[in-house]
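In: Provided below for reference: sequence and predicted model.
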Amino acid sequence: MKVLLISDIHSNWEAWQAVQAATAAESPDEVWNSGDLTGYGPDPALCVDVFRSMANARLVLGNHDRVVSKLESPIGFNPHAIVAAFKNLAKLNQEQCSWLAGLPRQLVVKEGILICHGSPVDADEYLLTAQVTLPSFAFMKEWGIRLAFFGHTHVPSFFVYGDDGDLVADQDPLTNQWFNLDLSGGKSYLINPGSVGQPRDGDSRSAYAILELKGEKGRFCFHRVPYQIQVCQEKMRREKFPDILVNRLSIGY
Ligand SMILES: [Fe+2]
């Protein structure tokens, strides 16, 4: 099967449209989305509606989605994120809000394969270094998870836990390069495809990944695609989103 891996669209319709166009020819069987469909950007309703109607999409709640769907207050959010979250919240009708609130916090999409937002052990955790992934790998081993996809950091990442039980490899998430996966041995993998709608690795292009699975073997590849950043920024300026959130899209941070 072929899967489009995405995360952190953050109400950026133009970015999602670019990823969809770039991957249409691949005809992915499923779309696995690690959360934060909403927050930060100007188009939460369009993003919610498109994923509500997508029969092959599997997705989980992100921390912004929890606030935008009124499940939680924005504790721990910076002031700009709070302003954007409340603007998002005001744009969703009751039906859209309930659908978002009903998403699972994490999801086993296939036997031994999990999608989550922050990490397999904590939806709000930032997995930015190999060091902090250790508890997640311990959890994965305990629960028989060989492959976990996460988001939240907005940085493409790839961590491997080795056969011997304690070796952590922190692999360079090079774009357009296939990485092999073997789910039959002792290895476990944690992969973040990066952010569609608000990349934070210094590259303003939308990030996504393609996964191919055949039995217990597989491979995946990170990709980037440019999108119409100015169109999204114009909407945000018109609707008085905080300048810092508008400008960061240009620099990919
Ligand atoms: Fe996010």
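Out: That came in fine, so what should we check first? Everything numeric here is computed off the predicted structure, so don't read it as measured data. Numbering: from 1, shown residues only.

In: show me what contacts residue 232?
Out: Shown in contact with residue 232 (C-beta atoms under 8 Å, 6 or more residues apart in numbering): 12, 13, 14, 15, 41, 42, 249. Any C-beta I mention is one placed from the backbone N, CA and C, and that applies to glycine too.

In: Could I get the contacting residues of the nearest residue to residue 93 once chain neighbours are set aside?
Out: Leaving out its chain neighbours, the residue that sits closest to residue 93 by C-beta to C-beta, 6 or more residues apart in numbering is residue 45, at 7.6 Å. By C-beta under 8 Å, 6+ apart, the contact list for residue 45 reads 91, 92, 93, 96.

In: Where does the residue of the chain most remote from its centre sit: helix, strand or coil?
Out: Most distant residue from the mean C-alpha position of the chain: residue 164, 29.2 Å away (C-alpha atoms, centre = their mean). Secondary structure, DSSP: H, G, I helix; E, B strand; the rest coil: residue 164 is coil.

In: Residue 23 versus that one, what's the distance?
Out: 36 Å (C-beta to C-beta, to the nearest Å).

In: Ok, residue 129 next?
Out: Where residue 23 is concerned, residue 129 sits at a distance of 29 Å (C-beta to C-beta).

In: The two: which is more packed in?
Out: residue 23 (18 against 11; other C-beta atoms under 10 Å).

In: my guess is the more buried one meets residue 210, correct?
Out: Yes. Under the criterion of C-beta atoms under 8 Å, residue 23 makes contact with residue 210 at 7.1 Å.

In: Now do the shared contacts for these two.
Out: residue 4.

In: beta partners of residue 57?
Out: residue 31 (DSSP bridges).

In: count of residues packed around it?
Out: By the criterion of other C-beta under 10 Å, residue 57 has 16 neighbours.

In: gap between it and residue 42?
Out: Applying C-beta to C-beta to residue 57 and residue 42 gives a distance of 21 Å.

In: do the same with residue 176
Out: Using C-beta to C-beta, residue 176 is found at 30 Å from residue 42.

In: Double-check residue 8 against residue 152; I have them as touching.
Out: Yes. If you go by C-beta under 8 Å, residue 8 and residue 152 touch, sitting 7.1 Å apart.

In: Point out where this protein drops to low pLDDT.
Out: 165-168 (pLDDT under 70).

In: Just the strands from it, written as ranges.
Out: Here the chain has its strands, by DSSP state E, at 2-6, 30-33, 57-59, 106-110, 113-116, 147-149, 157-161, 168-171, 178-182, 188-192, 206-214, 217-225.

In: Same list, those, but as CSV with distance to residue 243 please.
Out: Converted to CSV, the strands of the chain look like this (distance: least, C-beta to C-beta, whole Å):
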stretch, distance to residue 243
strand 2-6, 27
strand 30-33, 28
strand 57-59, 30
strand 106-110, 34
strand 113-116, 32
strand 147-149, 32
strand 157-161, 29
strand 168-171, 35
strand 178-182, 38
strand 188-192, 28
strand 206-214, 22
strand 217-225, 25
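
In: May I see those strands arranged in JSON lines, with distance to the ion as well?
Out: Listed next are these as JSON lines, based on distance: least, C-beta to the ion, whole Å:
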{"stretch": "strand 2-6", "distance to the ion": "12"}
{"stretch": "strand 30-33", "distance to the ion": "12"}
{"stretch": "strand 57-59", "distance to the ion": "13"}
{"stretch": "strand 106-110", "distance to the ion": "15"}
{"stretch": "strand 113-116", "distance to the ion": "13"}
{"stretch": "strand 147-149", "distance to the ion": "14"}
{"stretch": "strand 157-161", "distance to the ion": "14"}
{"stretch": "strand 168-171", "distance to the ion": "21"}
{"stretch": "strand 178-182", "distance to the ion": "23"}
{"stretch": "strand 188-192", "distance to the ion": "11"}
{"stretch": "strand 206-214", "distance to the ion": "12"}
{"stretch": "strand 217-225", "distance to the ion": "17"}
